[in-house]
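**Student:** need coordinates for the below:
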Amino acid sequence: MTEIYQLSDEELVKGFISGNQKCFEILVERHKQKVFSYIYLMVKRQELAEDIFQESFLKVHCSIMQGRYAESGKFTSWVMRIAHNLIIDHFRKQKHLPMVYNEDYPNDIFNNQKLTDSSIEERMVHDEVLKDVAVLVEQLPESQREVVKMRHYMGLSFKEIAEETNVSINTALGRMRYALINLRKMMEEKDITLSIPQ
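**Tutor:** Numbering: from 1, shown residues only. Below you'll find the model as predicted:
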């Protein structure tokens, strides 16, 4: 039984197609943390994230059973793309932008060392800065907002982002570049600074 856990994603998919349900269970277990974390960071609601997670793997299950899985060697990217599309569908139905991330926004967006200071006063300023930046991120064009979230929430490489969004690496890099330019411009207009007073 231990050997089945050593199988690659592709081998597990083939095993599942051949009728071994355990192979699918292992695939879900193997990828659930990454997929669920991404969904939750995008929607910010536990119950909604769980619903979209279940819907994602239901779609994965159906697609494989219907012979529509043709992403050899890219199972993770394929699952993440399904989850991402379901998130987009959800927000299109809601007809509003994703919820603001507030204090959970990662502090490395500009790699600012000062944001890691831990005194209570500085932490309060830090949280306000991140809250302000998170609001601005939501105002970016969708393609730029998507890259920022994938890079700074999921920790994906630009190669992975390119695969997830079906664009070239140069396009993904360009979107990030324009996102940062737009964020800096909005920060200047609103007089927001990432520097913490000493």
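
**Student:** could you say what helices and strands the host helix or strand of residue 61 packs with?
**Tutor:** Assessed by DSSP states H and E, residue 61 sits inside helix 46-65. The contact analysis (3 or more CB pairs under 8 Å, 6 or more residues apart in numbering; DSSP states H and E) places helix 46-65 against helix 9-17, helix 21-43, helix 75-94. The way it works is simple: take the backbone N, C-alpha and C, and place the C-beta from them, glycine included.

**Student:** how does it look with 6 Å?
**Tutor:** helix 21-43, helix 75-94 (3 or more CB pairs under 6 Å, 6 or more residues apart in numbering; DSSP states H and E).

**Student:** tally of neighbours for the closest residue to residue 50 other than its chain neighbours?
**Tutor:** What sits nearest to residue 50 in space, not counting adjacent residues and going by CB to CB, 6 or more residues apart in numbering, is residue 36, at 7.8 Å. Residues near residue 36, counting by other CB atoms under 10 Å, number 18.

**Student:** residue 36 against residue 53, yeah?
**Tutor:** Yes: with contact taken as CB atoms under 6 Å, residue 36 and residue 53 are classed as touching, separated by 5.0 Å.

**Student:** next helix or strand past the helix or strand of the chain with the lowest mean pLDDT?
**Tutor:** Scoring the helices and strands of the chain by mean pLDDT, DSSP states H and E places helix 120-137 at the bottom, with a mean of 67. Later in the chain than helix 120-137, the nearest helix or strand by DSSP H and E is helix 142-152.

**Student:** tell me the predicted confidence for residue 21.
**Tutor:** In the predicted model, residue 21 carries a pLDDT score of 92.

**Student:** got any ranges where the chain has weak pLDDT?
**Tutor:** The chain contains residues with pLDDT under 70 at 1-2, 71, 94-131, 153-155, 192-198.

**Student:** show me it divided up by domain.
**Tutor:** The record, using automatic domain parsing to delimit domains, assigns the chain the ranges 6-94, 102-189.

**Student:** picking that back up, could the helices and strands packed on helix 46-65 go into a markdown table alongside distance to residue 6?
**Tutor:** Below are the helices and strands packed on helix 46-65 laid out as a markdown table (distance: least, CB to CB, whole Å):
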| stretch | distance to residue 6 |
| --- | --- |
| helix 21-43 | 10 |
| helix 75-94 | 16 |
